[in-house]
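# quick check, what structure comes out for this input:
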Amino acid sequence: MKKQKTRVLCFIMLLVIAITGCGKDSEFTVGKWNGNTFENSWLNMKFEIPDDWNIASTEEINEIVGAGAEALDLNGTSAEQIKKAAELKTVYSFMVSDSTSTMNAQLIYENLALSIGGTKFTEEEYLDQISEMLLQQESYQYEQTDKGSVEIAGKTFQKIQFSAFDGVMYQEYYSYKMDKFMVSLIISYTPEQEALRNDFINNISTLK
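Down below sits the predicted model:
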């Protein structure tokens, strides 16, 4: 089951990559880790995780994602690194998982500059395309179970939730458009870990 969930996660990430195009924008930073806290001054947001959670390395992210996206080394936030990130189609900022590896979260930046719909592409349109693609994958038994908006660290994210494998696991997408980028937080978890998912969301706060 664990391998099956990993395959589903990889599949979902590749679907997200396929939605948008590439372009340039230098008005953002990829963020950095300070211990167990991820901080991004551009988003004015930080993500805190428990001590026993796992933070995927750049090599691990690239192994999972493969071609089509890049993960940056977040040990530094130099001008060269930020410029490189701004020129990529998709940047995986982080991937984290709980100690059992049955709940995981990813933060992804998608450059909308040359995508279908361009920078006019809304959060709702973005999530609608994700929903359309996932619901076509009959073998995963996707079902859309919730849709709406959520306030996270002072920003209104659009959210969509799916169940997979007849309710064995849930996957949630939280999307927020910032400048020319779509910021997406993707969380996968089992029904038994709903409280853990709530704790993760509640621990997201502003930097200032």
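# and the helix or strand hosting Phe47, what does it pack onto?
Phe47 belongs to strand 45-48 when elements are defined using DSSP states H and E. If you count contacts as 3 or more Cβ pairs under 8 Å, 6 or more residues apart in numbering; DSSP states H and E, strand 45-48 packs onto strand 37-40. Where C-beta positions appear, they are placed from N, C-alpha and C, glycine not excepted.
# mind giving me the packing neighbours of the strand it packs on?
strand 32-34, strand 45-48, strand 90-97.
# closest one to Glu60 among these?
strand 90-97 (7.4 Å; Cβ to Cβ).
# check which element follows that closest one along the chain.
strand 104-111.
# pairing partners for that following strand, with directions?
Strand pairing for strand 104-111, using DSSP bridges, gives strand 90-97 (antiparallel), strand 181-189 (antiparallel).
# using CSV, write down the CA coordinates of the longest one.
This points to strand 181-189. C-alpha atoms of strand 181-189 as CSV (Å, rounded to 0.1, in the frame of the first residue of the first chain):
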residue,chain,number,x,y,z
PHE,A,181,3.1,32.3,-10.1
MET,A,182,0.6,29.8,-8.9
VAL,A,183,1.5,28.7,-5.4
SER,A,184,0.2,25.2,-4.7
LEU,A,185,0.3,23.3,-1.4
ILE,A,186,-0.6,19.6,-2.0
ILE,A,187,-1.4,17.4,1.0
SER,A,188,-2.0,13.6,0.9
TYR,A,189,-3.2,11.7,3.9
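# that one: which residues count as buried?
Using 16 or more other Cβ atoms under 10 Å as the burial criterion, the residues of strand 181-189 that qualify are Phe181, Met182, Val183, Ser184, Leu185, Ile186, Ile187, Ser188, Tyr189.
# distance of Leu207 from Ala153?
Taking Cβ to Cβ, to the nearest Å as the measure, Leu207 falls 9 Å from Ala153.
# meant to ask about Thr206, not that
5 Å.
# repeat for Asn104
Distance, Asn104 to Ala153, by Cβ to Cβ: 20 Å.
# so between these two, which is more surrounded?
Between Asn104 and Ala153, counted using other Cβ atoms under 10 Å, the more crowded position is Asn104 (20 against 16).
# beta partners of that one?
For Asn104, the beta-bridge partners are Ser97, Ser188 (DSSP bridges).
# and if you look at the one 4 residues further on?
Note on Ile108: beta-bridge partners by DSSP bridges are Tyr92, Ser184.
# quick one, what contacts it?
Met13, Val16, Thr90, Val91, Tyr92, Ser93, Val183, Ser184, Leu185, Ile186 (Cβ atoms under 8 Å, 6 or more residues apart in numbering).
# Val30: which of the strands paired with strand 104-111 is closest?
Here strand 90-97 is closest among these (Cβ to Cβ), at 5.5 Å.
# now do the closest one: distance to the chain's middle.
Mean C-alpha position of strand 90-97 versus that of the full chain (Cα atoms, centre = their mean, to the nearest Å) differs by 7 Å.
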